[in-house]
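# what would the 3D arrangement of this be:
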Amino acid sequence: MPRRLIDRCQPDSIREFRASAGQRYYDGLALAGAGNRTAAVYLWGYAAEMTLKAAYFELFGLAEDDELTVPGHIQPAINRGRAAPLNIAWPHQGAGHNVRAWAELLVGVRALDPGTAYGPAFAVAVQRCGQRIGQLWKETLRYHKNRAYLYEVRQVREATEWLLINSADL
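Numbering: from 1, shown residues only. Here you go, the predicted structure:
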C-alpha cells in the first residue's frame with residue numbers, strides 16, 4: 001500500500017523550503033488563473049516565507065539537508081531578530097510565518113557584517129517585498145472568506161516572484 005501524503009514529507013530543510021517554495025508559487029499561478037485569488041495569495045505567502053527562511057539559514061552555514069526545527073532554529077532566529085541591535089517588531093502571534101519580519105531579519109543580520117551586507121538597492125527591494133506581502137498575507141488567511149482584489153493578487157505575486165528570481169542572491 002502506498003504511503004500517505006503526510007508520511008511522504010521530508011523534514012524541513014533549506015532544500016525542502018526551496019523546492020516547496022517553487023511548487024507553491026506555480027500552484028498559486030494555477031489557482032489565480034482559475035479565479036481562486038485568495039488561495040493563490042495564500043500559497044504565495046508561504047512561498048515567500050520559505051524563500052526567506054532558506055536564505056537566512058543558508059547564511060549561517062547550514063547544509064541544504066540539515067533538519068530545521070522550531071525550537072532549534074526558527075525560535076532562536078526570531079529571538080535574535082527581536083533582540084538588540086536588530087530590535088525587529090516581531091509579533092508573537094504567527095511569529096514563525098511573519099514574512100515582513102523574516103525579510104527584515106535577513107537584511108539586518110547581513111548588514112551587521114560588511115562581508116555579507118546587501119547593496120542598498122537590493123536591501124530595500126528585499127524589505128519592500130517582505131512589507132508588501134506582510135500587508136496582504138498572514139497564515140490565518142485560510143480561516144476567512146475574504147476574496148483578494150486583483151491588485152492584491154498582482155502585488156503578492158510580483159513580490160514573491162522577485163524573491164524567487166533573486167533567491168540565489170538572498
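
# on the three-state scheme, the closest residue to residue 110 other than its chain neighbours is what?
Of all residues not flanking residue 110 in the chain, residue 116 sits nearest, at 4.6 Å (CB to CB, 6 or more residues apart in numbering). In short, each C-beta sits where N, CA and C put it, glycine included. At residue 116 the chain is in coil, as set by DSSP: H, G, I helix; E, B strand; the rest coil.

# wait, what's in contact with residue 116?
Residues near residue 116 by CB atoms under 8 Å, 6 or more residues apart in numbering: 59, 109, 110.

# quick one: the second one and residue 37, what's the gap?
Same thing as residue 109. 34 Å (CB to CB, to the nearest Å).

# higher neighbour count, those two?
residue 37 (21 against 18; other CB atoms under 10 Å).

# and the pLDDT for that one?
Looking at residue 37, its pLDDT is 97.

# so it touches residue 155, yeah?
No - shown here, residue 37 and residue 155 do not form a contact pair, counting by CB atoms under 8 Å, at 11.6 Å.

# picking that back up, dump the contacts of residue 116 into JSON lines; add distance to residue 92, pLDDT and secondary structure as well.
As requested, the contacts of residue 116 are arranged in JSON lines below (distance: CB to CB, whole Å; pLDDT from 0 to 100; DSSP: H, G, I helix; E, B strand; the rest coil):
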{"residue": "59", "distance to residue 92": "24", "pLDDT": "96", "secondary structure": "helix"}
{"residue": "109", "distance to residue 92": "20", "pLDDT": "98", "secondary structure": "helix"}
{"residue": "110", "distance to residue 92": "25", "pLDDT": "98", "secondary structure": "helix"}
